[in-house]
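Peer 1: got a structure for you, letters missing:
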């Protein structure tokens, strides 16, 4: 039986490895196309255009978060169900790349809100980017 060595008595450097995990089961190549662990469908991550028309005084139907301070961009944080934004295909986790030809990748949050609220017709270029959206949520409060 091996006596437990106190942490401070280990010779340096000390590296603790995670427990071993068995690799996933092997899937034959001809079956991978229908297997969820081998999904290569990337079209959901491609940029797309969203067109919204907003009557005066109407709500946008979505919320945004982020901006220049977070260095990750502007993201859709909420989409109201059955709103025009929802029907147009906007979803939580979409990064707003531009609105009416204004680059949103390095814009202050307040300026982005101002542009979205004052426009009557909104042409947005967005892409689904859940990884950076999650990082955005961890970094920002609004």
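Peer 2: Yes, it's here. This is a predicted model, so every value here is computed, not measured.
Peer 1: three-state assignment of residue 131?
Peer 2: Following DSSP: H, G, I helix; E, B strand; the rest coil, the label given to residue 131 is helix.
Peer 1: that one: neighbouring residues, count only.
Peer 2: Residue 131 has 10 neighbouring residues, counting by other Cβ atoms under 10 Å. Backbone N, C-alpha and C define where each C-beta goes, glycine included.
Peer 1: quick check: it vs residue 66, distance?
Peer 2: 14 Å (Cβ to Cβ, to the nearest Å).
Peer 1: got a list of contacts for the lowest-mean-pLDDT helix or strand in the chain?
Peer 2: Using mean pLDDT, DSSP states H and E, helix 29-32 stands out as the lowest-scoring helix or strand of the chain, at a mean of 81. Contacts to helix 29-32, defined as Cβ atoms under 8 Å, 6 or more residues apart in numbering, come from residues residue 38.
Peer 1: does residue 129 touch residue 45 like I think?
Peer 2: Yes. At 7.2 Å, residue 129 and residue 45 qualify as touching, with contact defined as Cβ atoms under 8 Å.
Peer 1: who has more neighbours, those two?
Peer 2: residue 129 (19 against 12).
Peer 1: name the SS class of residue 64, please.
Peer 2: strand.
Peer 1: what bridges to the closest residue in space to it that isn't next to it in sequence?
Peer 2: Of all residues not flanking residue 64 in the chain, residue 74 sits nearest, at 5.3 Å (Cβ to Cβ, 6 or more residues apart in numbering). Residue 74 has these beta-bridge partners by DSSP bridges: residue 66, residue 96.
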